[in-house]
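Novice: With the sequence up front, the predicted model follows.
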Amino acid sequence: MEKEGVKLVGFWVSPFAQRVKWALKMKGVEYEYIEEDVWNKSALLLELNPVYKKVPVLVHNGKVLAESRIILEYIDETWKNAPLLMPQDPYERAMARFWADFSEKKVLEAGFEALCTRGERQEKAVSSTIEALEKLEQVLKGKKFLGGDSVGYLDLVVGWLAYMMPIWEELASMKILDSSKFPALDEWINNFLSHPGIKDDLPTEEKMKGYFYHLSRKVAPLFYGGEI
């Protein structure tokens, strides 16, 4: 792989690769996108990310970075033009990292479990997801975006929720994003998805539905000790 320029190795439906795409677009960074088959990993991916063997991977002038949240901070610090993704205040930066970590561990993981399970286990996962979203609802109150007046680091990390969770809800016949319960989140979703840096770069709903339908059934046995 040539050392010059910016390259992103990703997977079309990966929310982790998606947030990096958004960041690069918002910063106006030109890059080469390399689509990876995460179910049949290429020699390139294994070479670039031998530790985790996952996407996304960012290559900038021959320097390789993995893990999307780390990549987002690198992009923000390397291309210092507006918009700035991370808050400039040290405390606010720390809190953005805190809530980003919270959203992955408490919202994304529980939401995915709710997609892949049924019965009592699904009910518990739905309840856990809603409980976590109640915390994010409080963070959002009085703000247009999680980053304040403009889309920032935390919005990009949580961005998957805006377009992916409704599909999970439909496929698993569950309700998590209740607009009457989460009015601030509901408004944030509308603001986020209407942002010009976001709305024009999303995977199609039908393609996502097909992918997550099959993925949820493939992964389901892992939640039940090998049995459905």
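Specialist: All right, it came through fine. Numbering: from 1, shown residues only.
Novice: Please name every helix or strand in contact with the longest helix anywhere in the chain.
Specialist: Ordering each helix of the chain by length in residues (DSSP state H) puts helix 119-140 first. Helices and strands touching helix 119-140, by 3 or more Cβ pairs under 8 Å, 6 or more residues apart in numbering; DSSP states H and E, are helix 90-102, helix 109-116, helix 183-193. Every C-beta, even on glycine, is put in place using the N, C-alpha and C of the backbone.
Novice: 7 Å - rerun?
Specialist: The contact analysis (3 or more Cβ pairs under 7 Å, 6 or more residues apart in numbering; DSSP states H and E) places helix 119-140 against helix 109-116, helix 183-193.
Novice: Check what contacts the longest one and list those residues.
Specialist: The reference is to helix 183-193. If you take Cβ atoms under 7 Å, 6 or more residues apart in numbering as the criterion, helix 183-193 is touched by 133, 136-137, 140-141, 144-146, 151, 155, 159, 162-163, 177, 179, 198-199.
Novice: which of those are buried?
Specialist: Buried members of the contacts of helix 183-193, scored by 16 or more other Cβ atoms under 10 Å, are 133, 136-137, 140, 144-146, 151, 155, 159, 162-163, 177, 198.
Novice: still on that earlier bit, just name the most buried of the helices and strands packed on helix 119-140.
Specialist: Comparing these by mean neighbour count (mean count of other Cβ atoms under 10 Å), helix 109-116 comes out on top with a mean of 22.
Novice: Just the CA trace of that helix, in CSV.
Specialist: Extracted in CSV, the C-alpha atoms of helix 109-116 (Å, rounded to 0.1, in the frame of the first residue of the first chain):
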residue,chain,number,x,y,z
GLU,A,109,-24.1,-3.8,23.4
ALA,A,110,-27.6,-4.1,25.0
GLY,A,111,-29.4,-3.0,21.9
PHE,A,112,-27.6,-5.6,19.8
GLU,A,113,-28.5,-8.3,22.4
ALA,A,114,-32.1,-7.2,22.2
LEU,A,115,-32.0,-7.7,18.4
CYS,A,116,-30.6,-11.2,18.7
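Novice: how far is the helix or strand of the chain with the lowest mean pLDDT from where the chain is centred?
Specialist: Ranked by mean pLDDT, DSSP states H and E, the weakest helix or strand in the chain is helix 196-199, scoring a mean of 89. Centroid displacement of helix 196-199 relative to its chain, using Cα atoms, centre = their mean, to the nearest Å, is 15 Å.
Novice: And the contacts of stretch 48-67?
Specialist: By Cβ under 7 Å, 6+ apart, the list of residues contacting stretch 48-67 reads 1, 3-4, 6-11, 14, 16-17, 20, 36, 38, 41, 45-46, 68, 71, 74.
Novice: Restricted to helices, list those residues.
Specialist: Counted as lying in helices by DSSP H, out of the contacts of stretch 48-67, are Phe16, Ala17, Val20, Leu45, Leu46, Ser68, Ile71, Tyr74.
Novice: Report the two members of these separated by the largest distance.
Specialist: Greatest spatial distance in the ones in helices among the contacts of stretch 48-67: Leu46 and Tyr74, 21.6 Å, computed using Cβ to Cβ.
Novice: Out of the two, name the residue with the larger neighbour count.
Specialist: Counted by other Cβ atoms under 10 Å, Leu46 and Tyr74 do not tie: Tyr74 has more neighbours, with 17 against 10.
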